[in-house]
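Q: Quick check, what structure comes out for this input:
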Amino acid sequence: MSGAWYVGVDIGGTFTDVVAVDATSGKLHHLKVPSSRSDPASGFLSGLEALTEEVGAGSKDVRLLLHGTTLATNAIIERRLAPTALVTTEGFRDVLEIGRHWRSELYDPFIEQLPALIPRELRLEVRERVGADGAVLEPVDLGSAEAAAKALEEAGVESVAVVLLHSYRNPAHEQQIAALLRARNGWLVCASSELSRELREYERTATTVLNAALMPLIETYLTRLETALVEAGCPASLFVTQSNGGALTPAAARSRPVTLALSGPVAGVVACTQLARATNRANLICFDMGGTSADVSVIGGFAARMSTELTIGEIPIRLPAIDVHSIGAGGGSIAALDEGGALSVGPERAGSEPGPACYGRGGTAPTVTDCQLLLGRLTADFPLASSLALDVELARTALEPLAEGLGSGVENAAAGAIEVVNAAMERAVRVALRARGDDPRDHALVAFGGAGPLHAAELARRLSISTVIVPPHPGTLSALGLLTADVRLDYAASELHRGDEPALPATLANAFDALGEQARCEIEADRELRARRYSFAHTCDVRYVGQAYEVNVPVDLEQVRTSDTAAILDDFHALHERAYGFSSPADECDLGTMRLAVSIVIDKPSLEQRVAGGDREAAPPTTRSVFMPGSGFEPTAIYERATLEDGSSFSGPAVVHQVDSTTLIPPFASLVVDEHANLVLTIEDDA
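A: Numbering: from 1, shown residues only. The predicted structure is shown next:
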C-alpha cells in the first residue's frame, strides 16, 4: 500500500506502541511490539518494520514521525547518567548537595538522602560575581576558569554544567565560561542561562546538571534513530514529545534533553484533552496503567494541569510540564511479602525482559498480570499484543510461594494483590487531585494503557466516580496522542517586580519582547521549524509579598502595552482563591518569572471519526468463570470489542477483550458504546 503515512511511536517499559494514519483516508492502524530494555531504539525500529508488514507502508512512505520515550525518565530514576561536572561561582559548589531543608519522610530518623548528582571533586569553582540586579561585581578570573578546564580534562568527564550565581539576570559570565569549555575539549556543555533563566539557585542548578548529564545518552540515542531512518530511505520529519505535551526537533532535544523527562506519560494526557473536547467532558482524570507504572493526571476545563516544576527521582526539574503523578504499579509489578509479612506490590517489576511469569520468557516472580490471569480476567484464549500467549500454570507456580506465605489459596493471594495495587492507585489519584482541592466525583475517569481498563471500575468505585471511559484503543492511546501534538518551546526570564510599580507595564512588555525575539531566532535557526506557523502565549508567576510559592497567571500582552496590568493581579487573586481556598486583594504582590510558550503547528491529517449507530444488541457473548470484586468467581459474559457496535449496551459481570487491552465490567457497573466508539461504564451509586 503506497501513499503518505504519519506515525506515532511510544516506547514503554514492556511494549512499544505504534499508531499510523493514512494521510489520504485518515484511517488508523494500531500495533504493539515488545520493548527492549538493553536497546530502546530497537523497539522504535521494530515498530516501523511491523508497520510495513501490517499495512504495506514502506519507509519511503512515512512523512512524519512523532516519538515518545521513557529513556530519560528511566535514566534519571536509575541514575544511569553520564560522568558530568559542574562549574559554578566560587563559594557555591555545595548548592547541589545542600538542596532544600525539607525531608521527604519528615518523621523517619533513618532516612537516607540520595547522593548529589555530581560528587564534590567534580564540582569546580570559578572566581566571578554577578549581583542580584545583574550588575557585574567581579569579572571572570580567566586563570581560575582555565584551571577548572584543566581539572576536567584530567577527570575524563563527558559533559559539563555551568551554573553561576544570578546568571538568570546577566548571563554574560556563563556564556564566556561555556564558550571557553566548548573550545577547550569538545565537551557537551549546558549553561543554565541557555536552559532555565529562573531564580531559585538549587532548582536551577539541579535542572542544568541533570540536562548536561542526559546529553550524551540522548545524543547517542537520537543519532542512532536518525542514522537508521536515513539508511532505510525514510524521508520523515522526526519529532520527540517533551514533558510540556508539545513536540521538539531532534536538534532541540539534544540541547535540552531534560525536557524529555515525561516524554512517555504526557502523550496520553494530550490524547485525553482531545477526548474531553469530543465528548464535551471538561473534567477528566487520566489513568494510564502499563507494564511498569501507573500515571495519573488531571484535565480541568478541557486543559491539562500544568506545573513549572516536577520532581523525578528526588531531583527537582524547573521547567514547564504537564502535572503527572506516577507510582510503581503496573502489570509487571511484583507481589511479595514485606519485612512484616504483609502483602505488597511493587515498585520492583519484571519489566519487558523477562516479564511476568505467564509470558513464558523465564520470569518466576508473581506479578499483577499473573494475578489477573489466575482470576480469569485475562485468558490464554485471547493472546496479548504480538500474539503473546499467556500460560496460566506458570502464573500459578509463581504465586504458590506467596500464597503459602500468606496462608491462603493461590486465587485469594491473587485477589489480595489486586486489592493492594488498587489501593495504591487510589492514593495516587487523591494526591493528584488534592493539589488543587478537586473532588473526584466531579470528574470522569479515562482508563488506558494495557492494564488500565482492568482496574478502572474498581478504582472508580473507591473514589465515588460514576463514569469510566475506555477509548477505542486504550493500549495505544499514548501513541495516538503523539499524533495530535504540535511543537512547543518554552522560554522564561526571572525579574522580581512589585505589582504597584508605575513602570511595570513597560517593564513587562520589554521582558516579553526579549523572550519573543529569542524564540524567533531559535525558530529561524532550525530548518525544520522556520517555515511553520506559530503563536505566542504569555504568562507570569505572581505571589503575595513574602510567599515562597507562585501562581502562574495568563497575560494579555496587548493589554499590558496600553499600561493596564490590573487584569493580571485580578486573575491572580481569583486563581489563588481557587487553588488555596483564600485570597487577599488588599495585600501587595510580586511579579516574578515571565514565561513565553510558543506553539508551532505540525501539519497532520485529521483522524478518522466513528459515526454513531443506532441502539443495537451486542454480538452474543461466550461465558467463563471470572473472579469479581465482592462476590468471587461467577459466570461472566465475555465479549470481543471488535464485535461491539455503537450503541451496544449490557451490564456486568462482563469482560471485553481486544488485542491491546482488556476491560473488566464488575456486577456494580454497566456499559454502553458511545458515538465515538468509547466504552462508557456507569458505576452504580449504591456500590
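Q: low-scoring pLDDT stretches of this structure, where are they?
A: For the chain, applying pLDDT under 70 flags the ranges 1-3, 13, 57, 102-105, 351-352, 385-387, 605-619, 686-687.
Q: what about 50?
A: 1, 609-616, 687 (pLDDT under 50).
Q: Would you check how far apart the residue of it most remote from its centre and E90 are?
A: No residue in the chain sits farther from the centre than G143, which is 43.2 Å out by Cα atoms, centre = their mean. Separation of G143 from E90 (Cβ to Cβ, to the nearest Å): 12 Å. C-beta: built from backbone N, CA, C; applies to glycine.
Q: T662 now?
A: Taking Cβ to Cβ, one finds T662 at 60 Å from E90.
Q: which of the two has more neighbours?
A: Just comparing T662 and E90: by other Cβ atoms under 10 Å the higher neighbour count belongs to T662, 24 against 16.
Q: Next up, identify which helix or strand the more buried one is on.
A: strand 661-665 (DSSP states H and E).
Q: Just the C-alphas of that strand, formatted as CSV.
A: In CSV, the C-alpha atoms belonging to strand 661-665 read as follows (Å, rounded to 0.1, in the frame of the first residue of the first chain):
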residue,chain,number,x,y,z
SER,A,661,-6.1,-4.3,26.4
THR,A,662,-8.9,-5.9,28.5
THR,A,663,-11.8,-4.2,30.2
LEU,A,664,-13.4,-5.5,33.4
ILE,A,665,-17.1,-4.7,34.0
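Q: I'd like the next helix or strand past that strand.
A: Next helix or strand after strand 661-665 toward the C-terminus (DSSP H and E): strand 669-673.
Q: now for that next one, which elements pack on it?
A: Packing partners of strand 669-673 (3 or more Cβ pairs under 8 Å, 6 or more residues apart in numbering; DSSP states H and E): strand 649-651, strand 679-683.
Q: for the ones you listed, which one sits closest to A155?
A: A155 lies closest to strand 679-683 among the helices and strands packed on strand 669-673, at 56.3 Å (Cβ to Cβ).
Q: What segments of the stretch 351-500 of the chain are strands?
A: Under the criterion DSSP state E, counting those that start in this stretch, the stretch 351-500 of the chain contains strands at 444-448, 467-470, 487-498.
Q: and these, which is most packed in?
A: Greatest average neighbour count among those goes to strand 444-448 (a mean of 27), per mean count of other Cβ atoms under 10 Å.
Q: Quickly list the domain ranges of this protein.
A: 5-76+219-260, 81-215, 267-327+421-482, 333-417, 488-600, 622-677 (automatic domain parsing).
Q: Tabulate these (a markdown table), appending distance to D685.
A: Formatted as a markdown table, the domains of the chain follow (distance: least, Cβ to Cβ, whole Å):
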| stretch | distance to D685 |
| --- | --- |
| domain 5-76+219-260 | 34 |
| domain 81-215 | 38 |
| domain 267-327+421-482 | 7 |
| domain 333-417 | 24 |
| domain 488-600 | 28 |
| domain 622-677 | 10 |
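Q: Can you tell me the closest non-neighbouring residue to R533?
A: For R533, ignoring the flanking residues on the chain, the nearest one in space by Cβ to Cβ, 6 or more residues apart in numbering is V601 at 4.6 Å.
Q: Kindly tell me how buried that neighbour is, as a neighbour count.
A: By other Cβ under 10 Å, neighbour count at V601 equals 11.
Q: And the longest helix seen in the chain, what's buried?
A: Criterion DSSP state H: the longest helix present in the chain is helix 201-231. Judged by neighbour count using 16 or more other Cβ atoms under 10 Å, the buried positions of helix 201-231 are 201, 203-219, 221-222, 224-225, 228-229.
Q: Just give me how far that helix sits from the chain centre.
A: Helix 201-231 sits 17 Å away from the centroid of its parent chain (Cα atoms, centre = their mean, to the nearest Å).
Q: quick check: angle from that helix to strand 487-498?
A: Relative orientation of helix 201-231 and strand 487-498, computed by axes from the mean of the first three to the mean of the last three Cα atoms, to 10 degrees: 170 degrees.
Q: Could you list every helix and strand in contact with the helix or strand that helix 201-231 is followed by?
A: As assigned by DSSP H and E, the chain's next helix or strand after helix 201-231 is strand 237-241. Under the contact criterion of 3+ Cβ pairs under 8 Å, 6+ apart, strand 237-241 touches strand 62-69, helix 201-231, strand 247-248, helix 250-255, helix 263-279.
Q: can you tell which of those is closest to L569?
A: Among these, helix 201-231 comes nearest to L569, with 25.3 Å by Cβ to Cβ.
Q: Kindly compare burial across the helices and strands packed on strand 669-673 and name the winner.
A: Using mean count of other Cβ under 10 Å, strand 679-683 ranks as the most buried of the helices and strands packed on strand 669-673, with a mean of 22.
Q: Need the residues that contact stretch 566-586.
A: 436-437, 499, 540, 542, 544, 551, 553-556, 559-560, 589, 591 (Cβ atoms under 8 Å, 6 or more residues apart in numbering).
Q: which of these count as buried?
A: Burial by neighbour count, 16+ other Cβ under 10 Å: within the contacts of stretch 566-586 this picks out G499, C540, V542, Y544, V551, V553, V555, V560, C589, L591.
Q: now, among the residues you listed, which is nearest to W5?
A: Minimum distance to W5 across the buried ones among the contacts of stretch 566-586 is 39.8 Å, recorded for V555 (Cβ to Cβ).
Q: For the residue lying closest to that closest one once chain neighbours are set aside, which residues are in contact?
A: The shortest distance from V555 to any non-neighbouring residue, by Cβ to Cβ, 6+ apart, is to H538 (4.2 Å). Going by Cβ under 8 Å, 6+ apart, H538 touches F512, P554, V555, D556, L557, M594, R595, L596.
Q: could the residues you listed go into TSV alongside distance to T69 and secondary structure?
A: Formatted as TSV, these follow (distance: Cβ to Cβ, whole Å; DSSP: H, G, I helix; E, B strand; the rest coil):
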residue	distance to T69	secondary structure
F512	33	helix
P554	31	strand
V555	33	strand
D556	36	coil
L557	35	helix
M594	31	strand
R595	26	strand
L596	26	strand
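Q: what number of residues lie near the closest residue to G405 other than its chain neighbours?
A: Nearest residue to G405 in three dimensions, chain neighbours excluded: L337, at 5.0 Å (Cβ to Cβ, 6+ apart). L337 is flanked by 13 other residues according to other Cβ under 10 Å.
Q: hang on, L337 packs against P366?
A: No - contact criterion Cβ atoms under 8 Å: L337 and P366 do not qualify, at 10.9 Å.
Q: Between the two, which contacts overlap?
A: By Cβ under 8 Å, 6+ apart, L337 and P366 have these common neighbours: L402.
Q: Identify whichever of the strands of the stretch 351-500 of the chain lies nearest to L343.
A: Closest of the strands of the stretch 351-500 of the chain to L343 is strand 444-448, at 23.9 Å (criterion: Cβ to Cβ).
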